[in-house]
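Peer 1: predicted model, plus sequence, below.
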Amino acid sequence: MENMVFLIDLPRLGDAADHKPTQFSTELARFLTEAKVDDRMVDSLTSYDFSRTERLGFVYSIPGSHTNDLRRRTGYCGLGNVVSSLGLATTSPIEVDSVSASLGSLTSDLITSIYNACQGDNGMKEYNARGTRKPAGASHSTPQLLRDHFRIYFPTEATVVNTRGGRGAAGTICVQAKWWRQPRFPTDLVRDCVSSRKGLLLHTKAIFVHSSSAAEVADAPSHKASAWAYVGSANLSESAWGRLVKDSKTGKPKLNCRNWECGVVVPVLEANGKARPTTKGAAAVATSSAGTEAGSRGSSNLGELFASTVPMPMLVPGRLYGPNEEPWFYADS
């Protein structure tokens, strides 16, 4: 079993008065405060130089129902705001490759919300669109936008069996069969998840995002990254990322979350701080605009695109599940 963590070494300041907060340090302190970490520990953050986090984003989820400012900072709403604050927002199509150790009771609505957040949306786009309810008996088919541009990596039963530890090592990887077999579950987005290190299982939770346009990648200005990754604790589930609903009392949107989660948004940058467009990466991105199979090919050069920033933990492009294949169901083992 392997996992991925984010580490950064920040120098201690000679005087806390010299501390200059960044989005990262501010949200980290807010998260720790909400988690009831001792005030002295939270205050000690001002003793460190957080300047190296200026181009990084801190994303988190807090259990409960959140409105107003906290709603905008939490879950997929918070992810969208961080993406926007880092100058990574776009209205153009993007490619999203998400790897999780567990999958929740997924729907196209949740995946659409996360896709929108990866474009820099604050959660309201899908929430407002949801106001037009589907009629009874409407199709549960996955929207074409997601089939073209969103891939979910999760291992098949056979992949788990063929790892070094086999079934006995997969107790923390799970999706429930009753969820997978529901008509609304977007099974056509799921790809087999095979570790880039032969024989290991992944417990990594990460999202890799890049532009669908070769020109946009190649022409990225020096102040704007052409791609970015999320690395953290959040699996792909409503419990982890939340669900934006209308408050029955106020009529205003509120975000319901069940889990404590946190992670970091890391833009793809050169060592000099400039965006990292690559000719080969751009060429690979250009192939990803024509359907489900093309969507898989669009991730073929992810390893190269993210090589200097976040190591690619799984083999890409991920293989589509066969007609008789299902994911690893821990409860059925």
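Peer 2: Perfect, I can see it now. Just so it is clear, the model here is predicted, and its values are computed rather than measured.
Peer 1: switch to C-alpha atoms for all contacts and neighbour counts from now on
Peer 2: Will do.
Peer 1: low-confidence regions, the chain specifically.
Peer 2: Low-confidence segments of the chain, defined by pLDDT under 70: 133-139, 214-225, 270-300, 331-333.
Peer 1: all the helices of it, residue numbers only.
Peer 2: Applying DSSP state H to the chain gives helices spanning 23-34, 39-43, 68-73, 75-85, 108-118, 124-129, 144-149, 157-161, 177-180, 214-218, 238-241, 279-285, 292-297, 302-305.
Peer 1: need the winner for burial among these.
Peer 2: Highest mean neighbour count among the helices of the chain (mean count of other C-alpha atoms under 10 Å): helix 75-85, with a mean of 27.
Peer 1: and that helix with helix 108-118, angle?
Peer 2: Counting by axes from the mean of the first three to the mean of the last three C-alpha atoms, to 10 degrees, helix 75-85 lies at 20 degrees to helix 108-118.
Peer 1: show me the contact partners of helix 75-85.
Peer 2: Residues outside helix 75-85 that contact it (C-alpha atoms under 8 Å, 6 or more residues apart in numbering): 57-62, 71-73, 89, 113-114, 116-123, 240-242, 255, 257, 265.
Peer 1: now the helices of the chain as JSON lines including distance to residue 14?
Peer 2: Formatted as JSON lines, those follow (distance: least, C-alpha to C-alpha, whole Å):
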{"stretch": "helix 23-34", "distance to residue 14": "18"}
{"stretch": "helix 39-43", "distance to residue 14": "15"}
{"stretch": "helix 68-73", "distance to residue 14": "31"}
{"stretch": "helix 75-85", "distance to residue 14": "29"}
{"stretch": "helix 108-118", "distance to residue 14": "38"}
{"stretch": "helix 124-129", "distance to residue 14": "43"}
{"stretch": "helix 144-149", "distance to residue 14": "48"}
{"stretch": "helix 157-161", "distance to residue 14": "51"}
{"stretch": "helix 177-180", "distance to residue 14": "54"}
{"stretch": "helix 214-218", "distance to residue 14": "41"}
{"stretch": "helix 238-241", "distance to residue 14": "38"}
{"stretch": "helix 279-285", "distance to residue 14": "43"}
{"stretch": "helix 292-297", "distance to residue 14": "50"}
{"stretch": "helix 302-305", "distance to residue 14": "38"}
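Peer 1: quick one: which of these is nearest residue 15?
Peer 2: Of all the helices of the chain, it is helix 39-43 that lies closest to residue 15, at 13.1 Å by C-alpha to C-alpha.
Peer 1: which other helices and strands does the closest one contact?
Peer 2: Counting contacts by 3 or more C-alpha pairs under 8 Å, 6 or more residues apart in numbering; DSSP states H and E, helix 39-43 packs against helix 23-34.
Peer 1: buried ones in stretch 186-200?
Peer 2: 186-195, 199-200 (16 or more other C-alpha atoms under 10 Å).
Peer 1: and the residues you listed, which of them are in strands?
Peer 2: If you go by DSSP state E, these have 190-191 in strands.
Peer 1: closest to residue 7 out of the buried residues of stretch 186-200?
Peer 2: Proximity to residue 7 was ranked across the buried residues of stretch 186-200 by C-alpha to C-alpha; first place goes to residue 195, at 21.3 Å.
Peer 1: for that closest one, which non-adjacent residue is spatially closest?
Peer 2: Excluding its sequence neighbours, the residue lying closest to residue 195 (C-alpha to C-alpha, 6 or more residues apart in numbering) is residue 314, at 4.3 Å.
Peer 1: with that, I have no additional questions.
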